[in-house]
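Turn this into a structure:
(4 chains, ligands or ions: 4)
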There are 2 protein chains.
Amino acid sequence: MERIQTLLRNHDIRPSYTRMAIYRYLDEHREHPTVEAIYDALSATLPTLSKTTIYNTLNLFVRHHLVKEIDLQDHKRYDIVRTPHAHFKCDVCDTLYDIDITPPIAPKHADISDVRDAQLVYHGTCKRCRQAV
Amino acid sequence: MERIQTLLRNHDIRPSYTRMAIYRYLDEHREHPTVEAIYDALSATLPTLSKTTIYNTLNLFVRHHLVKEIDLQDHKRYDIVRTPHAHFKCDVCDTLYDIDITPPIAPKHADISDVRDAQLVYHGTCKRCRQAV
DNA sequence: CCTGTAAAATGTAATGATTACAAAAATATA
DNA sequence: TATATTTTTGTAATCATTACATTTTACAGG
Ligand SMILES: [Mn+2]
Ligand SMILES: [Mn+2]
Ligand SMILES: [Zn+2]
Ligand SMILES: [Zn+2]
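Ligands and ions are numbered 1, 2, ... in the order given. Reported below is the predicted structural model:
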């Protein structure tokens, strides 16, 4: 918890209790939760928490490169920034799995000036859904 | 135009005039247009065209694997199915460029049963936006 | 050609995630 | 303590997409 406090400070974010709670939730739940999931989980201990605060806080974290936003067709998912990795999205149950490979470096390209990030997402059916015929 | 007709038929899609027009637009405009862009472009020659029809048609094409949906945070983009390739999204002007590399094969993974598709998107600033300081 | 039937296209209303905004609460500063 | 600043909250607005009912079009059989 001390760790999170200094981490936020190092990124020029004032470590309010709510912000630390949201960061800690993401740190302890690597399944790429939605705003809804974070809200449901944290409301229990922070009864006055509002979804607007979660949206604000997550956008703040994204701007300060503490968290990444994963764009899928439905809701946005959030992932703590750590070593680069890829994802697998099950199109049946919508689970988003981590895949431990590093996305390839972007090749040189006439139109591109600088590349800041890469996002690699696989799609298909996960093992659990495959078995549940 | 004959070509598109038989292509749709081969994918079990009845080649109505509207459907062929939408397919042709995607085939001739590889900049990954949005529904809005398609609507604006085709309304000129198809004055009664409705956005609902475009949505319906594109979803039909996606289900039949003629077109891919590209998930970005804002609007959905559509890309004709062709050889696998990656994309670069300029976070300043929102342009989506094609990058001619093949996304890597997904490695074996305990939770994954079968992988049907891969989507590789780079983010950054494009050359045009970089120069326009 | 008619005519009936299915498919396609349309217009409008509903949905729902995200954002805008202004007020209230909390926190820092003096 | 008083005051300024930041954070949080609640509600309303936005807007892309979908649902749904209706109209239009295409087509097969007579
Ligand atoms: Mn992840
Ligand atoms: Mn493309
Ligand atoms: Zn699954
Ligand atoms: Zn650009």
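
touching ligand 4 at all, stretch A:113-131?
No - using CB under 5 Å from the ion, stretch A:113-131 never reaches ligand 4; the gap is at least 8.3 Å. Placement of C-beta: from N, CA and C, glycine included.

In that stretch, which residues are buried?
Residues A:115, A:118-126, A:129 are the ones in stretch A:113-131 that count as buried (16 or more other CB atoms under 10 Å in any protein chain shown).

Residue A:34: which of these is nearest?
Closest approach between those and residue A:34, by CB to CB: residue A:121, at 15.9 Å.

chain center to the helix or strand that contains that closest one: distance?
According to DSSP states H and E, residue A:121 maps onto strand A:112-126. When distances are taken as CA atoms, centre = their mean, to the nearest Å, strand A:112-126 is centred 14 Å away from the chain's centroid.

Residues in contact with the worst-scoring helix or strand of chain A on mean pLDDT: which ones?
Ranked by mean pLDDT, DSSP states H and E, the weakest helix or strand in chain A is helix A:127-131, scoring a mean of 91. Outside helix A:127-131, the residues that touch it by CB atoms under 8 Å, 6 or more residues apart in numbering or on different chains are A:90, A:92-93, B:110-114.

Let me have these in a markdown table, extended by pLDDT.
Conversion of the contacts of helix A:127-131 to a markdown table gives the following (pLDDT from 0 to 100):
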| residue | pLDDT |
| --- | --- |
| A:90 | 93 |
| A:92 | 89 |
| A:93 | 90 |
| B:110 | 87 |
| B:111 | 88 |
| B:112 | 91 |
| B:113 | 86 |
| B:114 | 90 |
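
hmm, back to that, briefly note if the least confident helix or strand of chain A comes near ligand 3.
Yes - using CB under 5 Å from the ion, we find that helix A:127-131 touches ligand 3 at residue A:129.

any idea what residue A:7 is structurally, helix, strand or coil?
helix (DSSP: H, G, I helix; E, B strand; the rest coil).

Name the spans of chain A whose pLDDT lies under the cut-off.
Residues of chain A meeting the criterion pLDDT under 70: A:133.

mind giving me the domain split of it?
Domains of chain A are assigned by automatic domain parsing as A:2-80, A:85-132.

Just send these back as CSV, with distance to residue B:80 too.
Listed next are those as CSV, based on distance: least, CB to CB, whole Å:
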stretch, distance to residue B:80
domain A:2-80, 18
domain A:85-132, 18
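
out of the ones you listed, which comes closest to residue B:73?
Across these, closest to residue B:73 is domain A:2-80 (CB to CB), at 4.8 Å.

How about the residues of chain A by ligand 2?
Contact residues (CB under 5 Å from the ion) of chain A with ligand 2: there are none.

where exactly do the helices run in chain A?
For chain A, applying DSSP state H gives helices covering A:2-10, A:17-28, A:35-43, A:51-63, A:127-131.

Tell me which of these sits nearest to residue A:76.
helix A:35-43 (7.1 Å).

For that closest one, which helices and strands make contact with it?
When contacts are defined as 3 or more CB pairs under 8 Å, 6 or more residues apart in numbering or on different chains; DSSP states H and E, helix A:35-43 packs onto helix A:17-28, helix A:51-63.

Could you spell out the sheet neighbours of the strand holding residue A:121, each with its direction?
Here strand A:112-126 is paired, per DSSP bridges, with strand A:86-90 (parallel), strand B:112-126 (antiparallel).

how about those in CSV, adding distance to residue A:100?
Shown next, in CSV, are those (distance: least, CB to CB, whole Å):
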stretch, distance to residue A:100
strand A:86-90, 8
strand B:112-126, 12
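
quick one: which of these is nearest residue A:65?
Per CB to CB, nearest to residue A:65 of the strands paired with strand A:112-126: strand B:112-126, 12.2 Å.

Please save the CA atoms from the closest one in CSV.
Taking C-alpha atoms only, strand B:112-126 is exported to CSV below (Å, rounded to 0.1, in the frame of the first residue of the first chain):
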residue,chain,number,x,y,z
ILE,B,112,-6.8,-21.5,-25.5
SER,B,113,-8.5,-24.0,-27.7
ASP,B,114,-8.5,-22.5,-31.2
VAL,B,115,-7.4,-19.2,-32.6
ARG,B,116,-9.3,-17.8,-35.5
ASP,B,117,-7.9,-14.4,-36.0
ALA,B,118,-5.2,-12.0,-34.8
GLN,B,119,-5.3,-8.2,-34.7
LEU,B,120,-2.2,-6.2,-34.4
VAL,B,121,-2.5,-2.4,-33.9
TYR,B,122,0.3,0.0,-33.3
HIS,B,123,-0.3,3.4,-31.8
GLY,B,124,1.6,6.7,-32.1
THR,B,125,1.8,9.8,-34.3
CYS,B,126,1.9,9.7,-38.0
